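Student: let's see this in three dimensions:
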Amino acid sequence: MDRTNQIDPPAVVCGWRERIALPAWGVKRLKAKADTGARTSAIDVSDLTELPGDRVRFHLVVDRAHPEKVVEVEADIIRRARVRSSLGDRHERLVVRTTMRLGPIEKEIEVGLLCRKNMLCRMLLGRSALQPDLLVDSSRTHILSRAPKRLSSSKRNAPRDGRKKSS
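Tutor: Take a look at the predicted model:
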């Protein structure tokens, strides 16, 4: 196909770290890292169980600060990928499809299921999820999503029932 006369719509700039939504799974805000070195996206899951009919069930911990809040998801397995980790280890990963929303972009993406419990971000957005809609500004975070609000030390130490802390 000759693309010489085609003009692509301008890409939206995102930060290297953003909060994304996975609406089909009921997830409103999930910490994600844009990873231009990875082709496929990856998400942290636990209790992964293969089901009959090429389906899978897993738990997704949305917020590490509240590990009791999990989302149970069932999805079709769209393929099994042989991947090499950053350490050079090869293994098989189940890949599913879901809808991702980041700023004005909403699109179907493929996501590999694995354990990322020791990683800072619950999800990696690989090149196939980023292109052609998103460009990554590696010097910035949260361009398309708001960063979580940090509590001041006085609010962090205040009682949760609204009373003033006594000295």
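Student: Ala129 in helix, strand or coil?
Tutor: Secondary structure, DSSP: H, G, I helix; E, B strand; the rest coil: Ala129 is helix.
Student: and the strand ranked longest in the chain, what other elements does it pack with?
Tutor: Secondary structure of the chain per DSSP state E: the longest strand is strand 90-102. On a contact count with 3 or more Cβ pairs under 8 Å, 6 or more residues apart in numbering; DSSP states H and E, strand 90-102 meets strand 17-22, strand 70-76, strand 79-84, strand 105-114. Where you see a C-beta, it was placed from the backbone N, CA and C, and this is true even at glycine.
Student: from Arg80, how far off is Lys107?
Tutor: To Arg80, Lys107 is 23 Å away according to Cβ to Cβ, to the nearest Å.
Student: quick one on the thing from earlier: for Leu120, which of the helices and strands packed on strand 90-102 is the nearest?
Tutor: strand 17-22 (8.5 Å; Cβ to Cβ).
Student: now the spatially most central residue of the chain: how far from Asp8?
Tutor: Central residue of the chain (Cα atoms, centre = their mean): Met123, 3.3 Å from the mean position. Going from Met123 to Asp8 by Cβ to Cβ gives 26 Å.
Student: any idea how far Pro132 is from Lys69?
Tutor: For Lys69, the distance to Pro132 - Cβ to Cβ - is 34 Å.
Student: kindly state the beta-bridge partners for Leu124.
Tutor: Lys33, Ala42 (DSSP bridges).
Student: what is the burial count for it?
Tutor: By other Cβ atoms under 10 Å, 22 other residues sit near Leu124.
Student: pLDDT of the longest strand of the chain, averaged?
Tutor: Across strand 90-102, pLDDT averages out at 95.
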